[in-house]
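Peer 1: Sequence first, then the predicted structure, then my questions.
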Amino acid sequence: MAKPILFSGIQPSERLHVGNYFGALEHFAALQESGKFDCLFCVVDLHSITESFDPKEKKEQILAVAADFLAAGLDPARSVIFQQSQVAAHSELAWILNTITPIGELERMTQYKDKAARQKENVNVGLFDYPVLMAADILLYRAAAVPVGDDQLQHIELARTLARKFNNRFGKTFIEPKGLLARTPRIMSLKDPAKKMSKSQPEGCLFLDDDADAVRAKIARAVTDSGSEVAYDPDHRPGLANLLDLYAAVDPDRREPKTIAKLFAGKQYADFKRGLAEAVARRFEPYRKAKAELARHPERITAMLAEGSAKANRMAAETMHDVKEKLGLAV
Ligand code: TRP
């Protein structure tokens, strides 16, 4: 019997960081390895152009996210890895879904409101319609499972609403997808444990391609809390707790933050930070090597994406055929 489909995407716009790794890439790889799903992983370039961008950089960014997928262990022999804009059906289905999407549903989207407030000079219709394109990405493959960060759950809810609405009105066509959250705690900024790690605060952000020296320097300057003992107390010592969460996330033995704190009992913060920096650098070394190797062969990545996109196009064509039948557009 065919396995349920799993779909997820990453925008080619940001340099990925450790938070993205544990929240997305590592989760994707684990789901692929579980063998429970037929997986599609997409570089969602059409989403990325809803925010200000430089066309001269876009191609590099697309290849970089595809390389991130591969370096994280996604395998084109088992999963379909592809580029959104190479499959025209994403845009086509988004248009059709637009016709059943109440404007009010989109006006409620918190990510839209945040982004519109941030980029006042470029509040374009694409930014507003972003969640409908995302629904199209998912519904097009009749995906049942969608690994995402918690900030995307509202968008998944819209995809479910649109699937239901289409099915009720035109007949059973789509599956209502479910969001899957990664189990790793959110990695917060090294400079402000109340904020998510983000590229907009680069000093507090560990990028996946930071070398060992950069990792050491950033961790050495990370905020801790007053006190001198290494102990895990998220409520009262959030800065230190965030560093212990990070340590636990990169620990090859998968020990709990509390257990790790005990290893540093009686030691200084500085000793702990050195230990953490080494653990982070070691954890991402194979990743950085794999990515550097891929960067030397961009033509391999382009070929891999073309092959993935061809497969995705075949899958998408079946759904679009069905959709057009249901709408009465097939003459
Ligand atoms: N909006 C998602 C994010 O920013 C990216 C995305 C686009 C996506 N289309 C998707 C994620 C479809 C899952 C499924 O993280």
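Peer 2: All right, it came through fine. As the structure is a prediction and not an experimental result, all values here were calculated from the model.
Peer 1: In three-state terms, label residue 193 for me.
Peer 2: coil (DSSP: H, G, I helix; E, B strand; the rest coil).
Peer 1: Now do the contacts for it.
Peer 2: If you count contacts by C-beta atoms under 8 Å, 6 or more residues apart in numbering, residue 193 has them with 223, 238-239, 241-242. Backbone N, C-alpha and C define where each C-beta goes, glycine included.
Peer 1: Most neighbours of all those residues, which one?
Peer 2: In terms of neighbours by other C-beta atoms under 10 Å, the contacts of residue 193 top out with residue 242 at 26 neighbours.
Peer 1: what's in contact with the helix or strand harbouring that residue?
Peer 2: Per DSSP states H and E: residue 242 is located in helix 238-250. Helix 238-250 is contacted by residues 18, 22, 184-185, 187-188, 190, 193-194, 219, 222-225, 227, 230-234, 254-258, 260-261, 269, 272-273, 275-276, 279-280, 282-284 when judged by C-beta under 8 Å, 6+ apart.
Peer 1: got a list of what the spatially closest residue to residue 106 that is not a sequence neighbour touches?
Peer 2: Using C-beta to C-beta, 6 or more residues apart in numbering and skipping residues adjacent in sequence, the residue nearest residue 106 is residue 128, 5.7 Å away. Residue 128 is in contact with 106, 112, 116, counting by C-beta under 8 Å, 6+ apart.
Peer 1: make it 10 Å
Peer 2: Shown in contact with residue 128 (C-beta atoms under 10 Å, 6 or more residues apart in numbering): 50, 103, 106-107, 109, 112, 115-116.
Peer 1: just residue 231 next, same as before
Peer 2: Residue 231 makes contact with 225, 237, 240-241, 244, 258, 261-262, 264-265, according to C-beta under 10 Å, 6+ apart.
Peer 1: Mind listing what's buried along stretch 8-28?
Peer 2: 8-14, 16-28 (16 or more other C-beta atoms under 10 Å).
Peer 1: To clarify, my last question referred to stretch 176-189.
Peer 2: By neighbour count on 16+ other C-beta under 10 Å, the buried set for stretch 176-189 is 176-177, 179-180, 182, 184-185, 187-189.
Peer 1: Could you work out the most separated pair of the residues you listed?
Peer 2: The most widely separated members of the buried residues of stretch 176-189, counting by C-beta to C-beta, are 176 and 189 (34.9 Å).
Peer 1: returning to that earlier point: could I have the buried ones of the contacts of helix 238-250 as ChimeraX selection syntax?
Peer 2: Typed into ChimeraX, the line below selects the buried ones among those, using 16+ other C-beta under 10 Å:
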select :18,22,184,185,187,188,190,193,219,222,224,230,231,232,257,260,261,269,272,273,275,276,279,280,283,284
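Peer 1: Which residues of the stretch 101-250 of the chain lie near the ligand?
Peer 2: 134, 137-138, 146, 148, 152 (C-beta under 6 Å from any ligand atom).
Peer 1: could the buried residues of stretch 176-189 be laid out in CSV, adding pLDDT and secondary structure?
Peer 2: Output for the buried residues of stretch 176-189, formatted as CSV (pLDDT from 0 to 100; DSSP: H, G, I helix; E, B strand; the rest coil):
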residue, pLDDT, secondary structure
176, 98, coil
177, 98, coil
179, 98, strand
180, 97, strand
182, 89, coil
184, 75, coil
185, 70, coil
187, 90, coil
188, 94, strand
189, 96, coil
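Peer 1: Can you name the helix or strand that the residue of the stretch 201-331 of the chain found nearest the ligand falls in?
Peer 2: Of all residues in the stretch 201-331 of the chain, the one sitting closest to the ligand is residue 312 (12.7 Å; C-beta to the nearest ligand atom). Counting by DSSP H and E, the element that carries residue 312 is helix 298-327.
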